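Colleague: what's the 3D shape of this:
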Amino acid sequence: MKKQSFLTGAVILMIANGISKILGAVFKIPITYILKEEGMAVFNISFEVYIMFLAFIISGLPFAISKLVAESNSQGLYARTHKIVRISTILLIVIGILGSAALYLGAPFFALAMKEEKAIYAIRMISPAIFFVALGTGYKSYYQGVSNMIPTAISQVAEAVVKLLAGYYLAVLFIQYGVEKTAGGAIMGVTAGEIVATAILMLMYVLRRKEKNTNEDNIASRDILKDLLSIALPLLCASVVSNAINIADTTLVRSRLLDAGFAPEEARFLYGAYTGYALTVFHLPVGILGTLGVSILPVIAGAIAVNNESKAQRATDIGIRLAVILSLPCGVIMYTMSSDILTVLFNNDTSAHMLSVVAPCVVLMCVTQITSSILQSAGKIMLPFFYALIGSAVKLSLEWYLIGQHEINIYGSAIASIAAYAVMVILNLAAVRKYLRLKQKFMEIIIKSAIAAGVMLCAIRLLYMPLSAYIGSGFVLLALMCLIGVGAYGAVLLITEAVSVGEIRKILKG
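Modeller: Predicted coordinates for the structure are as follows:
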């Protein structure tokens, strides 16, 4: 298959991620009705443990595989490319088996560490997913390294569909056994989805591999393993620290809610409302736009491998521009339309103000993601991690103080996140300019986009009341306001020349 451009790959993954996120939201809508706030707290904590544990055991390897594949492919070393996949997959199978067993056996420890003893069963139900994710990682990373995002997109959509159907069916099946078993049934859908996604990736790779029929006999496995570990191990060490911070973060939030005077049930309700509703919506655009980093990795890594500095700079410029321009309207919509979004999705706007408070962080998080990917693709593997440590220190410090204030409570987590990512964005952008020698004026991009976002906000505010009085509330109003807001935003971008027609044509050509 013909190699895809950066933008083509990004669009494919964005569409797939968008479908997956929508299906994920569709999954959570009936699940929230079944589990309620208490059950959603159990579900989300179990899922957080799974994500943190998964990130710990395979962290660094997906990036290492994609980077090495991109470099080998750009140099025409196709046999080495496929041997990288084979060796990394063997390594990941061993890691996956050990990881699933450790998560299953350690479920009581992890649940108690997160101060949610009801999550033990759910953690065990999701533990097999570790193995299947690990097994599929080598194949997914290969496709991302060769800039072919179609297999990844297909597997993501299939995973979301299976998770939706299996999770809902099992939750209903187990509902008679109480909150713990119902949450466990719902989360088993994740395991089923990962099984199907991995099977698809393996099948597509095997079929394509037969076509290539490359010879790997003369390639030293030891050298490939050494290259993989030289990249993955530093990231693994960083992941250990990051996951420890994430566990500390979750534990701190729940502990400080109790310290603020909330009863355990009230603390669970606040945490469930924030993570189960507000953050579910928040992570929709973050997850979709996170594909920019995945798509930009092979472009920058491949360009640097063949000393094409101008191509790396051009991809960096486009990536940062897109992250800013695409994330800002998402933040505005979440800020202004939080109640409407949550009502349409969940028929529950209890956490609407929480979503409004955390909404500005979507821009900061998206820019942090893309700049971190750029720095790592350019060989500055650990630099984003050190900056993340600084941001985490800011977040934990602010959370400890703010959440302990009864009148602020869970909102302290949102405020702390904004402050932390603001620090990381500043540090990352400074590093990108320094190491990739970009001449682009980032502040000009940000200021012009911010002006467009301000006009968008005003347009939504001015037209919301008369339109809602005319057509009522619900999906139609939400969709219409989004169209009006995005239209105003795009118009101002063109008027201020934050994006010119010529630049749009250049971006579309990849």
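Colleague: the one helix or strand residue 196 maps to packs against which elements?
Modeller: Take DSSP states H and E as the rule and residue 196 turns out to sit in helix 179-212. Contacting helix 179-212 under the criterion 3 or more CB pairs under 8 Å, 6 or more residues apart in numbering; DSSP states H and E are the following elements: helix 6-58, helix 78-105, helix 120-126, helix 128-145, helix 150-174. (C-beta placed from N, C-alpha, C; glycine too.)
Colleague: as CSV, those helices with mean neighbour count, mean pLDDT and distance to residue 450 would be great.
Modeller: Compiled in CSV, the helices and strands packed on helix 179-212 are given as follows (neighbours: other CB atoms under 10 Å; pLDDT from 0 to 100; distance: least, CB to CB, whole Å):
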stretch, mean neighbour count, mean pLDDT, distance to residue 450
helix 6-58, 21, 75, 23
helix 78-105, 19, 89, 42
helix 120-126, 25, 88, 40
helix 128-145, 25, 89, 32
helix 150-174, 21, 86, 32
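Colleague: and those: which comes nearest residue 396?
Modeller: Taking CB to CB, helix 6-58 is the member of the helices and strands packed on helix 179-212 nearest to residue 396, at 15.6 Å.
Colleague: rewinding a little: ok, which of the helices and strands packed on helix 179-212 comes nearest residue 342?
Modeller: helix 6-58 (10.3 Å).
Colleague: next secondary structure element downstream of the closest one?
Modeller: Moving toward the C-terminus from helix 6-58, the first helix or strand encountered (DSSP H and E) is helix 61-74.
Colleague: pretty sure residue 298 sits against residue 141.
Modeller: No. Using CB atoms under 8 Å, residue 298 is not in contact with residue 141; the gap is 10.2 Å.
Colleague: what's the separation between residue 152 and residue 244?
Modeller: Taking CB to CB, to the nearest Å as the measure, residue 152 and residue 244 are separated by 29 Å.
Colleague: let's test this: mean pLDDT of the helix holding residue 196, rounded?
Modeller: Confidence over helix 179-212 (mean pLDDT, whole number) is 83.
Colleague: and that helix with helix 128-145, angle?
Modeller: Regarding helix 179-212 and helix 128-145, their directions subtend 40 degrees when assessed with axes from the mean of the first three to the mean of the last three CA atoms, to 10 degrees.
Colleague: in helix 179-212, what's buried?
Modeller: If you call a residue buried by 16 or more other CB atoms under 10 Å, then helix 179-212 has these buried ones: 179-198, 200-202, 204-205, 208.
Colleague: any idea how far the residue most central in space within the chain is from residue 22?
Modeller: The residue lying closest to the centre of the chain (CA atoms, centre = their mean) is residue 287, at 3.8 Å. Distance of residue 287 to residue 22, computed by CB to CB: 11 Å.
Colleague: one more: residue 470?
Modeller: In this structure, residue 470 and residue 22 are 27 Å apart, going by CB to CB.
Colleague: next one: residue 44
Modeller: Residue 44 is 19 Å from residue 22, where distance means CB to CB.
Colleague: what's the answer for residue 489, then?
Modeller: Counting by CB to CB, the gap from residue 489 to residue 22 is 22 Å.
Colleague: now swap in residue 121 and tell me
Modeller: 28 Å.
Colleague: now do residue 479
Modeller: Here residue 479 is placed at a distance of 13 Å from residue 22 (CB to CB).
Colleague: what's the answer for residue 117, then?
Modeller: In this structure, residue 117 lies at 33 Å from residue 22, with CB to CB as the measure.
Colleague: please apply the same query to residue 192.
Modeller: Residue 192 is 19 Å from residue 22, where distance means CB to CB.
Colleague: now residue 296: which helix or strand?
Modeller: helix 291-305.
Colleague: packing partners for that helix?
Modeller: helix 6-58, helix 61-74, helix 128-145, helix 309-336, helix 361-377.
Colleague: now the angle between helix 128-145 and that helix, please.
Modeller: Angular relation of helix 291-305 and helix 128-145 on a 0 to 180 degree scale: 50 degrees, by the same axes, to 10 degrees.
Colleague: buried set for helix 291-305?
Modeller: The neighbour-count criterion (16+ other CB under 10 Å) identifies 291-305 as the buried residues of helix 291-305.
Colleague: nearest to residue 129, of these?
Modeller: The shortest gap between residue 129 and any of those belongs to residue 294, at 20.3 Å (CB to CB).
Colleague: the closest residue in space to residue 23 that isn't next to it in sequence and residue 340, how far apart?
Modeller: The shortest distance from residue 23 to any residue other than its chain neighbours is 3.9 Å, reached at residue 160 (CB to CB, 6 or more residues apart in numbering). Distance from residue 160 to residue 340, counting by CB to CB: 24 Å.
Colleague: swap in residue 192?
Modeller: For residue 192 relative to residue 340 (CB to CB), the value is 32 Å.
Colleague: distance-wise, check the residue nearest to residue 23 relative to residue 194.
Modeller: Noted for residue 160: a distance of 11 Å to residue 194, by CB to CB.
Colleague: shared neighbours of those two, anything?
Modeller: When contacts are counted by CB atoms under 8 Å, 6 or more residues apart in numbering, the set common to residue 160 and residue 194 is empty.
Colleague: now the helix holding residue 296 against helix 309-336, angle please.
Modeller: Using the same axes, to 10 degrees, one finds that helix 291-305 and helix 309-336 are set 170 degrees apart in direction.
Colleague: contacting residues around helix 291-305?
Modeller: 6-7, 9-10, 13-14, 17, 63, 66-67, 69-71, 73-75, 144-147, 149, 152, 309, 311-312, 315-316, 319, 322-323, 366, 369-370, 372-374, 376-379.
Colleague: for ChimeraX, write the select line for the buried members of the residues you listed.
Modeller: A single ChimeraX command is used to select the members of the contacts of helix 291-305 judged buried by 16+ other CB under 10 Å:
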select :6,7,9,10,13,14,17,63,66,67,69,70,71,73,74,144,145,146,147,149,152,311,312,315,316,319,322,323,366,369,370,372,373,374,376,377,378
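Colleague: touching, residue 306 and residue 77? I think so.
Modeller: No. At 11.8 Å, residue 306 and residue 77 do not qualify as touching, with contact defined as CB under 8 Å.
Colleague: which one's more surrounded, the two?
Modeller: residue 77 (17 against 11; other CB atoms under 10 Å).
Colleague: quick one: that one from residue 370, how far?
Modeller: Residue 77 sits 28 Å away from residue 370, taking CB to CB as the criterion.
Colleague: one more: residue 66?
Modeller: Where residue 370 is concerned, residue 66 sits at a distance of 15 Å (CB to CB).
Colleague: can you check residue 205 too?
Modeller: From residue 205 over to residue 370 the distance is 27 Å, taken as CB to CB.
Colleague: what is the mean pLDDT for the helix or strand harbouring residue 235?
Modeller: Using DSSP H and E, the element containing residue 235 is helix 221-259. The predicted model gives helix 221-259 an average pLDDT of 80.
Colleague: flag every buried residue along that helix.
Modeller: Counting neighbours by 16+ other CB under 10 Å, one finds that the buried residues in helix 221-259 are 224, 227-228, 231-232, 235-236, 238-239, 242-243, 245-247, 249-250, 252-257.
Colleague: need the next SSE after it, C-terminal direction.
Modeller: Sequence-wise, the next helix or strand beyond helix 221-259 is helix 264-273, with elements assigned using DSSP H and E.
Colleague: quick check: next helix or strand after that next one?
Modeller: Past helix 264-273, further along toward the C-terminus, the next helix or strand under DSSP H and E is helix 279-289.
Colleague: now that next one against helix 264-273, angle please.
Modeller: Following the same axes, to 10 degrees, one obtains 30 degrees for the angle between helix 279-289 and helix 264-273.
Colleague: burial count for the residue nearest to residue 336 when sequence neighbours are not counted?
Modeller: Once its chain neighbours are removed from consideration, residue 336 has its nearest residue in residue 460; the separation is 4.8 Å (CB to CB, 6+ apart). When neighbours are defined as other CB under 10 Å, residue 460 has 21 of them.
Colleague: which SS state does residue 460 fall under?
Modeller: Taken by DSSP: H, G, I helix; E, B strand; the rest coil, the conformation at residue 460 corresponds to helix.
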